[in-house]
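Attaching a predicted model along with its sequence, questions to come.
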Amino acid sequence: MPMSTRDLVLLHWQLANARDWPALGRLLHPAMVYEAPQSRERIRGAPGYLDFYATWPQPWRAEVRKCIADEGSVMTQIDFVSSAPTMTGLTVFDLQDGLIWRVTDYWPDPYEPGPRASVHVERY
């Protein structure tokens, strides 16, 4: 039986927090796109999305506070905990073919991102 959209996204956060990049990659559509409108960042493709998280400049974890799901999309409210002040964000996941196809992160305020180690991040 296929995993529910809710369970798929909760597993996404669990695997991201565990730094299990190969397992997380199996949840991602190869043509996925990640966007963060406040910082105007975009990543195209599952390898870039994984690299973005894997190369984050300091230890972090995402604590899921709320999860709302329907057949094709999921919204999570997370606390992003790192050495910087904790930020609460909303993440919208759109699914296609049972995989995460689009991820959009919304943060409380526009900001200029710090240096990114990942070469997959483009600004728009």
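Cool, got the structure.

switch to C-alpha atoms for all contacts and neighbour counts from now on
Will do.

just for this structure, where's the confidence low?
Scanning the chain for pLDDT under 70 picks out 1, 110-111.

tell me, what residue is most central in it?
By C-alpha atoms, centre = their mean, the mean C-alpha position of the chain lies nearest to residue 103, the distance being 5.9 Å.

any idea how far that residue lies from residue 93?
Applying C-alpha to C-alpha, to the nearest Å, the value for residue 103 to residue 93 is 5 Å.

what do you get for residue 10?
Using C-alpha to C-alpha, one gets 11 Å for the distance from residue 10 to residue 93.

Which one's more surrounded, those two?
Comparing residue 10 with residue 93 by other C-alpha atoms under 10 Å, the one with more neighbours is residue 93, at 22 against 16.

just the strands in the chain please.
Ranges of strands in the chain, per DSSP state E, are 28-36, 41-44, 60-69, 73-82, 87-96, 99-106, 122-123.

ok, residue 117 touching residue 56?
Yes: at 7.1 Å, residue 117 counts as touching residue 56 under the criterion of C-alpha atoms under 8 Å.

I'd like the distance between residue 67 and residue 24.
Going from residue 67 to residue 24 by C-alpha to C-alpha gives 18 Å.

Identify the residues contacting the longest helix seen in the chain?
For the chain, the helix that runs over the most residues, judged by DSSP state H, is helix 5-18. Residues from elsewhere that reach helix 5-18 (C-alpha atoms under 8 Å, 6 or more residues apart in numbering): 21, 23-24, 27, 53, 60-62, 64, 67-74, 93, 95, 98, 100.

in it, what counts as buried?
For helix 5-18, the neighbour count (16 or more other C-alpha atoms under 10 Å) marks 5, 6, 8, 9, 10, 11, 12, 13, 14, 15, 16, 17 as buried.
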